[in-house]
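J.: Sequence below, structure please.
(one chain, ligands or ions: 2)
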Amino acid sequence: MARPFETGLDSLFTNVQLATMAGGYGELRDGAIGVSDGRIAWIGLGAAAPPAAVVHDGRGCWLTPGLIDCHTHIVHAGNRSDEFEARLNGATYEDIARAGGGIMSTVRATRAASDEDLLRQSLPRIASLLAEGVTTLEIKSGYGLTIKAEAKMLRVARRVGQVLPVNVVTTFLGAHALPPEFAGRADDYVAHICEHMLPQLAAAGLVDAVDAFCERIGFSNAQTGRVFEAARAHGLPVKLHAEQLSDQGGAELVARFKGLSADHLEHLGEDGIAAMAAAGTVAVLLPGAYYFLRDTTPPPIAALRAAGVPMAVATDCNPGTSPMTSLLLAMNMACTLWRLTPQEALAGATIHAARALGRAADIGSLEVGKRADFALWDIARPADLSYAIGLNPCRGVVSAGVLRDPVVSLPG
Ligand code: DI6
Ligand code: FE
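T.: Residues are numbered from 1 along each chain as shown. Ligands and ions are numbered 1, 2, ... in the order given. Below is the predicted model of the structure:
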């Protein structure tokens, strides 16, 4: 069907204040942004805008790139409020993990759930993110730990992107914990990951990137390296849960593989920072886990900043260490707990998050040619997004050029 204005735009969002985040941060007052074929086709002053088939009045709202949550375990079954209580009564996260709870308790619940059940339990959490302007979401596996159950998690993650207006990026996290079937045989499990799990899941088109938990209660530096070699053999990018509870040299390892990101980083040292800076590996900051575990060692923010390492901010939404479904809250925590500036926090949830997913050419900033993913906010200044706690000022979301209400209705 011919469009009404063959030479014009499909749609124009006018009367908006743009925080473009192009090159880090940029503002354009009294701006407008035009969309054609789901892509940004024009950006400029409203007064100079070309004709469009549909014009949306932004009523003076701020318009930012759609937010990107670049690190989540949001597809999982069950919850662990019992462990939250146990920790409040004195147990530590590592005690609970060693006693067979922790990640393994979510593995049991996730293995037992059907595809439909897993989707149904995960959708309300995802809807909570979408209500705050999230347009791209990374979802990790890692609570299945068998080929069948990891495939189920990744299938459900892909399905999320079909039933809700969100762009989903999947990450295979088979090396999250040692499953009981391989108790005492971690090296055998790593071999199983490399020789069977990853090849089959990658062949099924379920894997966009590969991650591991490099930690005393996870996998060693050498074991993680083997997983990364396998990822490289399949042409898949890598990222890593690194230096969360102790310094395992994970950041240097993932940098050596030119990894997309090293995540958590509370115990990151100078060598890791230098390696990340040289490799262009993004630091993904996860203040929700730090807060929820009452950690007291902050990641070396000032040193990362000084070294020019891009910093992303994400929820780490998971039932054990960060049952958080608000990216705005993660931004606030990154500022209050770790002294990021609000501009850094916004870059962390947009352009740097895009880079942590290897998608910076396509999303994360308002630039001609990128996907038309925006969020519209009833705020006076962009810093308000990191400042308010518990207020959701999102007034509209545009996903691939299509305007929707922040609140999405769930299927079924
Ligand atoms: N680090 C984390 O914070 C999450 N996974 C990881 O490797 C925690 C996962 C959980 O406790 O369920
Ligand atoms: Fe995580």
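
J.: Please count neighbours and contacts with C-alpha atoms only from this point.
T.: OK.

J.: Can you report phi and psi for residue 22?
T.: Main-chain dihedrals, residue 22, degrees, to the nearest 10: phi -70, psi 130.

J.: I'd say it and residue 363 touch.
T.: No - taking contacts as C-alpha atoms under 8 Å, residue 22 lies outside contact range of residue 363: 10.5 Å.

J.: any common contacting residues for these two?
T.: residue 351 (C-alpha atoms under 8 Å, 6 or more residues apart in numbering).

J.: Mind checking which of the two has more residues around it?
T.: Each of residue 22 and residue 363 has its neighbours counted (other C-alpha atoms under 10 Å); residue 363 has more, 28 against 16.

J.: Name the helix or strand of this protein that has the lowest mean pLDDT.
T.: One helix or strand of the chain scores below all others by mean pLDDT, DSSP states H and E: helix 93-98, with a mean of 88.

J.: in that helix, what's buried?
T.: Judged by neighbour count using 16 or more other C-alpha atoms under 10 Å, the buried positions of helix 93-98 are 93, 96-97.

J.: what does stretch 368-388 give?
T.: 369-379, 382-387.

J.: Helix, strand or coil: sort out the closest residue to residue 376 other than its chain neighbours for me.
T.: Nearest residue to residue 376 in three dimensions, chain neighbours excluded: residue 63, at 4.5 Å (C-alpha to C-alpha, 6 or more residues apart in numbering). Under DSSP: H, G, I helix; E, B strand; the rest coil, the three-state class of residue 63 is strand.

J.: Residue 63: neighbour count?
T.: 33.

J.: Against residue 9, how distant is it?
T.: Using C-alpha to C-alpha, to the nearest Å, residue 63 is found at 18 Å from residue 9.

J.: where along the stretch 251-400 of the chain do the strands fall?
T.: For the stretch 251-400 of the chain, the strands defined by DSSP state E, counting those that start in this stretch cover 261-264, 282-285, 311-313, 374-377, 394-399.

J.: Tell me the residues of the chain that contact ligand 1?
T.: Residues of the chain lying close to ligand 1 (C-alpha under 6 Å from any ligand atom) are 102-103, 176, 213, 241, 289, 318-321.

J.: Redo the residues you listed as TSV? Include neighbour count.
T.: Below are those laid out as TSV (neighbours: other C-alpha atoms under 10 Å):
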residue	neighbour count
102	20
103	23
176	24
213	25
241	24
289	22
318	23
319	23
320	21
321	21
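
J.: State which one residue of this structure is found closest to ligand 1.
T.: With C-alpha to the nearest ligand atom, the shortest gap between the chain and ligand 1 falls at residue 320, namely 3.5 Å.

J.: can you pull the contacts of that residue?
T.: If you count contacts by C-alpha under 8 Å, 6+ apart, residue 320 has them with 79-80, 83-84, 102-103.

J.: for residue 137, same thing?
T.: Contacts of residue 137 by C-alpha under 8 Å, 6+ apart are 68-72, 166-169.

J.: Please apply the same query to residue 403.
T.: 396-397.

J.: pLDDT wise, what is it at?
T.: Per-residue pLDDT puts residue 403 at 97.

J.: Distance of it relative to residue 177?
T.: For residue 403, the distance to residue 177 - C-alpha to C-alpha - is 40 Å.
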